[in-house]
Every structure is written in structure tokens, then in C-alpha cells.
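Colleague: after the sequence you'll find the predicted model.
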Amino acid sequence: MDLFQRYWTPEIFAANASMGAHLIAALILGILVGYERTYKGRAAGMRVYGLVCMASAALTVFVGYTRLWYGGSPIEASVDPTRLVQGIVSGIGFLCAGVSMKDGFTISGLTTAASIWAVAAIGVLLGVGFYGVAVLLAVLCMLSMSLLRDVEAKLPGRTTLDVSLTFRAGTPPSFERLAAAAEARGYQLLRESLTITFAD
């Protein structure tokens, strides 16, 4: 019982509250940045940006409370804990890359990848004994993945289309001509998305 109480001293409770405020602020700011991407029809939108921003904040803010790690007990660490966290984040990054798939303009698995990364942050926070902020991060992740999908769907935005055009031999298209034709029909052509190939 004494061990449990050590993790909920007023000082650790205040640290959890402070870190929790950081997480909420990071989620809100990540969502705001992600909305711009959602509006432009990009694959990574509000949920991905919110999750990544919040997880980054979690993995950064807890380093400022090292003397409160493990309930404030003087544990001898044989390695630098921040290097350990760096290794965890790098390893999770490879896992996240494996769940993201691209097919034309459609990218799937980004929210799953961001949520896996966020869960890694939750695990790190639990590992050092910040249970309150770990629970808050888990709840915020769950809410952002479930509720933000509906919010994203209701907000105005643009849809990205993948269009293939065929031209007669000897009439290579110019970007300006294609962009003007698309604009005349109410579409916007992104220069970096244009690929011209030749066959026969």
C-alpha cells in the first residue's frame, strides 16, 4: 500500500495535472493543423495530426520530471532513460511504416500508425509511473480516433481525384494547358501530382 501511495503524492498528482494540460493543448493544436490537411483532401488529417502532436508532447514533457519517476524513489538506472525512450520511438516508427499503405492517391493505415505511436508513449508514461497522464492520453487518443472521424466528415473540405488522360502521339500536354482545362471545370491541378508517361 505504501508503494501505491508513493505514486499519488500531491507533487506527483500536480505533475500529472500539468502534463495532462500539455496533452490537451497538443491535441487541440494538432487538430487545428490537421484540419488544413483535411480541407485540402490529404490522407493525413485531423486525427493523425492530433495523435502525433499529443504523443510527441507526452514523450517530451515527462522528461522534465525525472526526479518523480518511479514514484520518486532513488532507483539506480544503468542506462540513460531518455535514450531508452528514443529506441522505443524508433522501433515503433518501423512498425508504423508497415501498417501504412498507398494505392494511387489513397493512403490507408495512417490513423492506425499514429495510434500505435501514441500507445508507445502511453507505455513509456506508465513505465515511469505517471499513471494519471497515461490514462488521460489513452482516453484522448480513443476520443480523437472515434469522434474526430465524424467531425472531419461534417467540416467542409475538398476531395482528391486520380485522373488518367490519354493524348494522341505528337501532342504532349503542358501543365498550364491541363491546369486551365481543369480549372474551367471546377478542379485544381496540383503540379507535384502530375506524371506524364509515354508508351509505344
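Modeller: Yep, it's here.
Colleague: chain center to the helix or strand harbouring residue 54: distance?
Modeller: Using DSSP states H and E, residue 54 sits in helix 46-61. Between the centre of helix 46-61 and the centre of its chain there are 6 Å (CA atoms, centre = their mean, to the nearest Å).
Colleague: same deal with stretch 163-173?
Modeller: In this view, stretch 163-173 has its centroid 39 Å away from the chain centroid, taken as CA atoms, centre = their mean.
Colleague: would you mind listing the buried residues in the helix holding residue 54?
Modeller: 46-59, 61 (16 or more other CB atoms under 10 Å). (C-beta placed from N, C-alpha, C; glycine too.)
Colleague: kindly report the same for stretch 120-136.
Modeller: Residues 120-122, 124-125, 127-130, 132-134, 136 are the ones in stretch 120-136 that count as buried (16+ other CB under 10 Å).
Colleague: residue 16: which of those is nearest?
Modeller: Taking CB to CB as the measure, residue 16 lies nearest residue 132 of the buried residues of stretch 120-136, at 3.4 Å.
Colleague: helices and strands around the helix or strand encompassing that closest one, which ones?
Modeller: For residue 132, the host element (DSSP H and E) is helix 131-154. Judged by 3 or more CB pairs under 8 Å, 6 or more residues apart in numbering; DSSP states H and E, helix 131-154 is in contact with helix 10-39, helix 46-61, helix 110-127.
Colleague: low-confidence regions, this protein specifically.
Modeller: Within the chain, the stretches with pLDDT under 70 are 1-3, 36-37, 40, 42-44, 74-81, 84, 94-96, 98-108, 127, 200.
Colleague: centroid-nearest residue for this structure?
Modeller: Centroid-nearest residue in the chain: residue 52, 2.8 Å away (criterion: CA atoms, centre = their mean).
Colleague: list the contacts of that one.
Modeller: Residues in contact with residue 52 (CB atoms under 8 Å, 6 or more residues apart in numbering) are 30, 114, 117-118.
Colleague: would you turn the residues you listed into JSON lines with neighbour count?
Modeller: Shown next, in JSON lines, are the contacts of residue 52 (neighbours: other CB atoms under 10 Å):
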{"residue": "30", "neighbour count": "24"}
{"residue": "114", "neighbour count": "27"}
{"residue": "117", "neighbour count": "21"}
{"residue": "118", "neighbour count": "27"}
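Colleague: out of the residues you listed, which is nearest to residue 176?
Modeller: Distance ranking of those against residue 176, using CB to CB, places residue 30 first at 36.5 Å.
Colleague: now that closest one: closest residue in space, sequence neighbours ignored.
Modeller: Nearest residue to residue 30 in three dimensions, chain neighbours excluded: residue 53, at 2.9 Å (CB to CB, 6 or more residues apart in numbering).
Colleague: break this protein into its domains for me.
Modeller: 2-154, 163-200 (automatic domain parsing).
Colleague: deepest-packed of these, please.
Modeller: domain 2-154 (a mean of 17; mean count of other CB atoms under 10 Å).
Colleague: any idea how far residue 92 lies from residue 116?
Modeller: 6 Å (CB to CB, to the nearest Å).
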